[in-house]
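Asker: starting from these lines, generate the structure:
(2 chains)
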Amino acid sequence: MGKRLRSKLHSSGGETLVETLTAIVVVVFSSLLLLISAAVATRFNQSAKRLSQAYQTALSQAELRTADPRTGTVTITGKDGQEQQITVDYYTGDNTLTSYTKEGS
Amino acid sequence: MKKSSALRQKLHSQRGASLVITLLFFLLCLMVAAVTLTAASASVGRTVKQRKEQQAYLSVSSAGELLQREIEAMPAFAARKEVLSHQCGKPSYAHISAYEFDGMEGEWAYADTVDKPLLESYLWEDALTLCKAPNTVPASRTFTAEPETDSGALAVQVKMTTGQMKTEGGVSSYQIVFTLTALDPDDPARTLSAYKMELSLDAEITDTNDGGRNDPAKRQCIYKTGRYVLNPYTYEWVEETAAMPYRLTTYTKSVQWSHFKLTKEA
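Answerer: Just a heads-up that it's a prediction; the model follows:
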């Protein structure tokens, strides 16, 4: 029994087939990994492009104040807790970026 | 000798070479995939970060502009007149046809800082402090401009420092510097320091113009009123003297805003 096992271990018979099959599995796995990562990266890039376009729109709406103004207030609060409320117009672009200016100015 | 020959043989052997090559290929694929994914996710992250920075910038510039507009609209700063002085007390007669002040003309100004909006009282208090003691530099004040929570704009901390620049012919030029810093929206107690802005206001201020009228003991104004006298029914001018109810302070205004200086902190 021990002799047979030892000879089996030292034998190189069938090694090429196992080696080739393993290599094929590794190559297929690697290629799949590459393909999946490329697909995910493409989706990320599309998402970034969408975000960037939305950002530019929001920026111009907020900075150039082309968005519809919404009247609200800004509270000036001193260290002593005193407050002053100033009425302002808020300009929010694409629901993300906001600027404001004194009402009517 | 035997050992080195076995090593040479092992090096030249091609057994298992395909496995090594495929493993190298796998490693290469892994690296390319990692780089691609990192670059793509970084570009999404950058857009999100850019948005946050831009909001800080918009909040600081909006607060700066709001301060400027608010100060320009204040009576003491907005009126493009050389002299603003306190008005005398109103004559007690109901039928006033004319009244004049002892050489003074002007509009209603403030006697003290009570009942004035916060920002205006800060400016006025500092101006008066400089009037009373030209060489005194008032301490800096800090206040916050807080937009509505659902507006998306960030709160901005404002440090207001008033410093005297020079005094010429009784006129003291002074400068107010507003330093604005956006606050971290996730922790309002912490300064985000993403953007800072210095908004300078150069103004001139002068104390009372003289004749001792600023002396409380001599504060009085002479005015003439017209009144109806019933018996006989006539109209006559009466010269009256009354104590001035307010401190006389002549406020000469000359305001120059410097350009906004918006800097991004490191």
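Asker: for the record, mean pLDDT for the biggest helix by length in chain B?
Answerer: When chain B is parsed with DSSP state H, its longest helix is helix B:17-72. Taken as a whole, helix B:17-72 carries a mean pLDDT of 86.
Asker: now swap in stretch A:97-105 and tell me
Answerer: Averaged over stretch A:97-105, pLDDT sits at 87.
Asker: with stretch A:62-81 instead?
Answerer: The pLDDT scores in stretch A:62-81 average 89.
Asker: how about it: buried residues?
Answerer: For stretch A:62-81, the neighbour count (16 or more other Cβ atoms under 10 Å in any protein chain shown) marks A:62-63, A:65, A:67, A:72-78 as buried. For the C-beta atoms, the positions are set from N, CA and C on the backbone; glycine is no exception.
Asker: filter those residues by proximity to chain B?
Answerer: Counting by Cβ under 8 Å from any Cβ of the partner chain, the subset of those that neighbours chain B consists of A:62-63, A:72-78.
Asker: state the helix or strand in which the residue positioned nearest the centre of chain A lies.
Answerer: Taking Cα atoms, centre = their mean, the centroid of chain A lies closest to residue A:44, which sits 6.1 Å from it. Using DSSP states H and E, residue A:44 sits in helix A:15-63.
Asker: using PDB, write out every CA atom in the helix or strand following that helix.
Answerer: Scanning forward in sequence from helix A:15-63 by DSSP H and E, the next helix or strand is strand A:69-78. Extracted C-alpha coordinates of strand A:69-78, given in PDB (Å, rounded to 0.1, in the frame of the first residue of the first chain):
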ATOM      1  CA  PRO A  69     -35.800  82.400  -6.100                       C
ATOM      2  CA  ARG A  70     -37.400  81.300  -2.900                       C
ATOM      3  CA  THR A  71     -37.800  83.900  -0.100                       C
ATOM      4  CA  GLY A  72     -36.400  83.000   3.300                       C
ATOM      5  CA  THR A  73     -34.300  84.400   6.100                       C
ATOM      6  CA  VAL A  74     -30.700  84.400   7.200                       C
ATOM      7  CA  THR A  75     -30.300  84.800  11.000                       C
ATOM      8  CA  ILE A  76     -27.300  86.800  12.300                       C
ATOM      9  CA  THR A  77     -26.600  85.400  15.800                       C
ATOM     10  CA  GLY A  78     -24.200  87.200  18.100                       C
END
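Asker: packing partners of strand A:69-78?
Answerer: Packing partners of strand A:69-78 (3 or more Cβ pairs under 8 Å, 6 or more residues apart in numbering or on different chains; DSSP states H and E): strand A:83-93, helix B:118-132, strand B:141-147.
Asker: relative to helix B:17-72, how tilted is the helix holding residue A:44?
Answerer: 10 degrees (axes from the mean of the first three to the mean of the last three Cα atoms, to 10 degrees).
Asker: now the angle from helix A:15-63 to strand A:83-93?
Answerer: Orientation check (the same axes, to 10 degrees): helix A:15-63 against strand A:83-93 gives 120 degrees.
Asker: is it true that residue A:34 touches residue B:29?
Answerer: Yes. In terms of Cβ atoms under 8 Å, residue A:34 counts as a neighbour of residue B:29; the distance is 4.7 Å.
Asker: which residues do the two both contact?
Answerer: Here residue A:34 and residue B:29 have no joint contacts, going by Cβ atoms under 8 Å, 6 or more residues apart in numbering or on different chains.
Asker: still on that earlier bit, local confidence estimate at the residue nearest to the centre of chain A?
Answerer: At residue A:44, the pLDDT value in this model is 88.
Asker: for the stretch 101-250 of chain B, what are the low-confidence residue spans?
Answerer: B:101-116, B:127-135, B:137-138, B:165, B:167-173, B:188-194, B:202-250 (pLDDT under 70).
Asker: what residues does it put near chain A?
Answerer: Proximity of the stretch 101-250 of chain B to chain A, by Cβ under 8 Å from any Cβ, involves residues B:117-119, B:122, B:141-148, B:151-153.
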